[in-house]
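Asker: Dropping the sequence and predicted coords here.
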Amino acid sequence: MHWSTREIRLAAALVEAADTLSDGFDTAHYLQRVADHCVELLAAQAAGIMLIDGGRTISLAGSSRHEAIAIELLAAQHRGGPCLDSYGSGRPVPAVSIAVAHADSRWPAFTERALAHDVAATFAVPLRRRETLLGALNVFVPTLPDSGSPAGDQELLVAQALADGTAVGLQNHRAFTEYRTLSGQLQEALSSRVRIEQAKGMLAERWNTRADLAFVALRQYARRRRLPLDRVATAVIERVADDAELRREAEGTAGGPA
């Protein structure tokens, strides 16, 4: 089987789009790289990505080539444009002539800006992962592909493959971040519990009393002073807590140290 250069580059771009499981992940740089791949693979003037959450645009990213123009054309779609149409329907918007769309008053603000930058045509595909829509990828091209031509259909399929890979990458990174956050919270809760148990044992030994009474003293001391229990436990372990005040809390508890 003969593999074309574009097929090999598309495969590399999809691998890069999936590589998001790292602490150093930067969303803006990631989206720009995807847009760059679109420009290179589709011979486009520029490309941009609009992330949308709950119907609200949360991020815009443009290709390195003509980045300012790409961002401007995305921003001009706040009242309508190929990105919003693709996101709203969950389906691709095939190549559209900017001149024809402008004459038909379709996306007037967007088409006016596109004409000013000599963009001849545009198409958009949704960023989607199964039923989840994250936004849309918009490609700006210098010529309008022939309607229904194999070349035009292929361009749309390549763009959709990149958009799908990007959606998977973004969702995987979101899950990775949530997992790391939860893991950190669980680890901190475990460490806090260990510190509290250690402080409780230290006080029980120092006062020659039961561990549960030492814990009550710790808890009451923390509540009266509106301090986190873990912070009080740490102070006990580091021997900087006021032992006399802690003992007074213990003395107020039945069975506390004399």
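Answerer: It's in. Keep in mind the model is a prediction, meaning the values are calculated, not measured.
Asker: Could you pull out the helices in the protein for me?
Answerer: With DSSP state H applied, the chain shows helices at 5-18, 27-42, 67-75, 82-89, 98-103, 108-116, 150-207, 211-224, 229-237, 243-251, listed in chain order.
Asker: To residue 130, which of those helices lies closest?
Answerer: Residue 130 lies closest to helix 150-207 among the helices of the chain, at 9.1 Å (CB to CB). Placement of C-beta: from N, CA and C, glycine included.
Asker: Give me the mean pLDDT for that closest one.
Answerer: Averaging the model's pLDDT scores along helix 150-207 yields 88.
Asker: Just the angle for that helix relative to helix 27-42, thanks.
Answerer: Computed by axes from the mean of the first three to the mean of the last three CA atoms, to 10 degrees, the angle separating helix 150-207 from helix 27-42 equals 160 degrees.
Asker: Packing partners of helix 150-207?
Answerer: In terms of contacts (3 or more CB pairs under 8 Å, 6 or more residues apart in numbering; DSSP states H and E), helix 150-207 is packed against helix 5-18, helix 27-42, strand 93-97, strand 121-129, strand 132-141, helix 211-224, helix 229-237, helix 243-251.
Asker: For residue 123, which non-adjacent residue is spatially closest?
Answerer: What sits nearest to residue 123 in space, not counting adjacent residues and going by CB to CB, 6 or more residues apart in numbering, is residue 95, at 4.4 Å.
Asker: try residue 201
Answerer: In space, not counting the residues next to it along the chain, residue 201 is nearest to residue 211; the distance is 6.2 Å by CB to CB, 6+ apart.
Asker: Provide a list of residues in contact with that neighbour.
Answerer: 200, 201, 204 (CB atoms under 8 Å, 6 or more residues apart in numbering).
Asker: Any chance you could give me stretch 16-26 in PDB, C-alpha atoms only?
Answerer: Presented in PDB, the C-alpha positions along stretch 16-26 are these (Å, rounded to 0.1, in the frame of the first residue of the first chain):
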ATOM      1  CA  GLU A  16      -0.200  14.800  18.600                       C
ATOM      2  CA  ALA A  17      -3.900  15.700  19.200                       C
ATOM      3  CA  ALA A  18      -4.200  12.600  21.500                       C
ATOM      4  CA  ASP A  19      -1.100  13.500  23.600                       C
ATOM      5  CA  THR A  20      -2.700  15.500  26.300                       C
ATOM      6  CA  LEU A  21      -2.000  13.500  29.500                       C
ATOM      7  CA  SER A  22       0.600  15.800  31.000                       C
ATOM      8  CA  ASP A  23       0.800  18.300  33.800                       C
ATOM      9  CA  GLY A  24       2.500  20.800  31.400                       C
ATOM     10  CA  PHE A  25      -0.500  20.800  29.000                       C
ATOM     11  CA  ASP A  26      -1.300  24.300  27.700                       C
END
